[in-house]
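1. need a 3D model of the sequence below.
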Amino acid sequence: MRRSRFFLNTILGVVIGAGACSSDRPTLDGPSAPAYSLTSLVSGVLLRCSALPYSSTSATIGSGGGTLVMGPHRLVIPAGALAGDTRITGEVLSDNVNSVRFSPEGLQFQKSATLTLSYRNCAGAALLPLKKVAFTTESLGILELLQSLDQPAQSEVSGGLKHFSRYAVAY
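-> Residues are numbered from 1 along each chain as shown. Reported below is the predicted structural model:
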């Protein structure tokens with residue numbers, strides 16, 4: 001008798017559990033919150049430009065700070081941003097957007113560094129809204145639009161970086 005009651009309770013539990021998982025039954029807690037990915041929250045478009053030639057520049061920058069110039073772009077690292085001497089490489093990537101990549105990838109700054117990207121080679125840029133520095137994936141998907149200062153008279157946009165990765169001009 002005891003076994004049959006245990007068996008009956010087990011079967012009953014499985015049937016109730018399976019019925020609770022049915023997708024055609026309404027839920028009592030209402031609609032769930034929409035799921036967003038980081039990329040779906042970012043609204044921006046990368047600025048199309050004529051391709052710049054590939055170039056790579058390296059320098060050792062220490063706690064006193066320094067500047068790395070990569071083609072028409074520059075990175076200014078303030079004093080105190082790095083704890084010690086660090087070999088930094090900046091690459092201008094030849095593409096139809098103005099994009100730079102820094103290494104060592106993921107390097108964190110103790111104070112924000114300032115990246116200034118030129119868009120002189122981007123036809124029609126003056127007609128577009130304010131430009132921004134975009135933190136991107138390697139395949140140029142925008143992950144974040146950085147707080148930026150657009151300087152249309154110089155055809156440049158600057159933004160503060162906290163870490164190294166890939167960046168491009170967006171609007």
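2. any idea which strand is longest in the protein?
-> Looking across the chain with DSSP state E, the single longest strand is strand 108-118.
3. just the angle between the helix or strand that that strand is followed by and strand 108-118, please?
-> As assigned by DSSP states H and E, the chain's next helix or strand after strand 108-118 is strand 132-136. If you take axes from the mean of the first three to the mean of the last three CA atoms, to 10 degrees, strand 132-136 sits at 120 degrees to strand 108-118.
4. check what contacts strand 132-136 and list those residues.
-> 44, 46, 99, 115, 117, 142-146, 148, 150, 157-159, 165-171 (CB atoms under 8 Å, 6 or more residues apart in numbering). In this view, the C-beta of every residue, glycine as well, is placed from N, C-alpha and C.
5. rerun that using 7 Å as the cut-off
-> 44, 46, 115, 117, 142-146, 148, 157, 159, 165-168, 170-171 (CB atoms under 7 Å, 6 or more residues apart in numbering).
6. which stretches of the chain form helices?
-> Here the chain has its helices, by DSSP state H, at 2-20, 38-41.
7. so residue 56 makes contact with residue 93?
-> No. Residue 56 lies out of contact with residue 93 (CB atoms under 7 Å); the separation is 9.7 Å.
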